[in-house]
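J.: What follows is a protein structure lacking sequence information:
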Ligand SMILES: [Zn+2]
């Protein structure tokens, strides 16, 4: 009897031991699957990061209407492959994930390899040997506009940024030369062997520094208006060429534009009138004004970007004034920066922070994180924003942007023809937005060595704006 009781006690003890061990095991799995994994993912120095990436099927990157821009597919034997269905079209902005990462693949890396799978689901997946599904990243990008921008640049080098001025949402961002992210392993290997140059990885939209050309006249005119309440009285007679500070300034094709006010001079892009404005400008104030528009400042943008440069100040050589106020000289700007200046005007003087990710969803479509528009700062009064908008509308109704005048919506903008080397064709630029009374879309375009702004950049702007409003 006693022996039997003892044996029963032993069995009970062993049973408790097993239950205890089992509870510990489950607790450990929960700990590893949930809390600990999060901590491991967050540490950028963690050598296990790549292992964790292998345990999770990297999430999808989606367009603003759930178009698949990047996804991971499982081949046999658990081998996975990252696929980019749009190929070259989104190359720089979506980026790649290989040895190193770029674009949204880099920006959203932690979200893509985190899983929204519940603890039970994760334990179950571990039990049946399946990988957890990573979270999906829903971007602000519009594949239709991206495609039009991509086609618009054709075989030219250059960059295009399209954004929504009231929110800062980036709708399209293209840079050429580009690359096919589906071939990135091969391309990077070629790069290592020295068989190809690195320039195809360079994102001109955010990192390329260009002379702004006459698109800069918007800022010169705006500053003059803000400093001179009687700006409408200003008058200058253009004879096609004139000398300012020992520097001869010519209008395009030496055209004599005749009697010009600020409004007319911006519309036809009269160089001599702007050079005249340059003689009346306070250099210290103008530098401060441009820096307020984020020249010489890092942009509030999470991907690598260059600082646009404005260098003219009280110590500068006087000869450089006329060139600088008309967008030549030492001033350099990124297409993104030019888009933000334009968006600030379109948005009544408030610069919004540009952004690319609208929300993070788990694999079932449940929203995990939502990103809201954020104001960067107020740069000018709404009154001045409306005034300069009116003048930019004049560029389209009566000036160099006239080919945008017969559309079913109103457009405000400014062309630019930026001389950069004597032996090459100028860069073609355009900045603009539509409609003028309630702006929905901003474009900033640079086509390298393609001629005047009217020739190359304006037709691309037209296609982008048409496509945008046809699909509203
Ligand atoms: Zn002129």
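T.: Done, it's in. Everything numeric in this text was worked out from a predicted model, so none of it was measured. Residues are numbered from 1 along each chain as shown.

J.: Every contact and neighbour count from this point should use C-alpha atoms.
T.: Fine.

J.: Show me what stretch 281-301 is in contact with.
T.: Contacts with stretch 281-301, where a contact means Cα atoms under 8 Å, 6 or more residues apart in numbering, come from 219, 223-224, 305-314, 333, 337, 341, 353-355, 376, 379.

J.: Next to the ion in this structure, residues from the stretch 201-350 of the chain, please.
T.: Residues of the stretch 201-350 of the chain lying close to the ion (Cα under 5 Å from the ion) are 238, 251, 257, 270.

J.: dump the residue contacts of the closest residue to residue 167 other than its chain neighbours.
T.: Take residue 167 and drop its neighbours on the chain: the residue closest to it by Cα to Cα, 6 or more residues apart in numbering is residue 373, 5.0 Å away. By Cα under 8 Å, 6+ apart, the contact set of residue 373 is 167, 168, 169, 352, 353, 355.

J.: Double-check that residue 373 belongs to a helix.
T.: No: judged by DSSP: H, G, I helix; E, B strand; the rest coil, residue 373 forms no part of a helix; its state is coil.

J.: about what we covered before: Provide a PyMOL selection command restricted to the buried entries of the contacts of stretch 281-301.
T.: Remark: buried members of the contacts of stretch 281-301, expressed as a PyMOL selection using 16 or more other Cα atoms under 10 Å:
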select buried, resi 219+223+224+305+306+307+308+309+310+311+312+313+333+337+341+353+354+355+379
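
J.: which element is residue 432 on?
T.: Assigned by DSSP states H and E, residue 432 belongs to strand 427-434.

J.: Please pull up the helix or strand immediately following that strand.
T.: Note on strand 427-434: by DSSP H and E, the next helix or strand toward the C-terminus is strand 441-447.

J.: Count the neighbours of residue 177 for me.
T.: Residue 177: 21 surrounding residues under other Cα atoms under 10 Å.

J.: Surely it is in contact with residue 157?
T.: Yes: at 5.7 Å, residue 177 counts as touching residue 157 under the criterion of Cα atoms under 8 Å.

J.: list the helices and strands the strand holding residue 432 packs on?
T.: Secondary-structure packing of strand 427-434 (3 or more Cα pairs under 8 Å, 6 or more residues apart in numbering; DSSP states H and E): helix 335-346, strand 412-418, strand 441-447, helix 458-470.

J.: hmm, 10 Å instead?
T.: Other elements packing on strand 427-434 under the criterion 3 or more Cα pairs under 10 Å, 6 or more residues apart in numbering; DSSP states H and E are strand 158-163, helix 335-346, helix 382-398, strand 412-418, strand 441-447, helix 458-470.

J.: Arrange those in CSV, one row each, with mean pLDDT and distance to residue 362 as further columns.
T.: Converted to CSV, these look like this (pLDDT from 0 to 100; distance: least, Cα to Cα, whole Å):
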stretch, mean pLDDT, distance to residue 362
strand 158-163, 98, 26
helix 335-346, 98, 31
helix 382-398, 98, 41
strand 412-418, 97, 41
strand 441-447, 98, 30
helix 458-470, 98, 29
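
J.: Now the ones you listed in TSV, please, with extra columns for distance to residue 101.
T.: Shown next, in TSV, are these (distance: least, Cα to Cα, whole Å):
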stretch	distance to residue 101
strand 158-163	21
helix 335-346	21
helix 382-398	39
strand 412-418	33
strand 441-447	26
helix 458-470	29
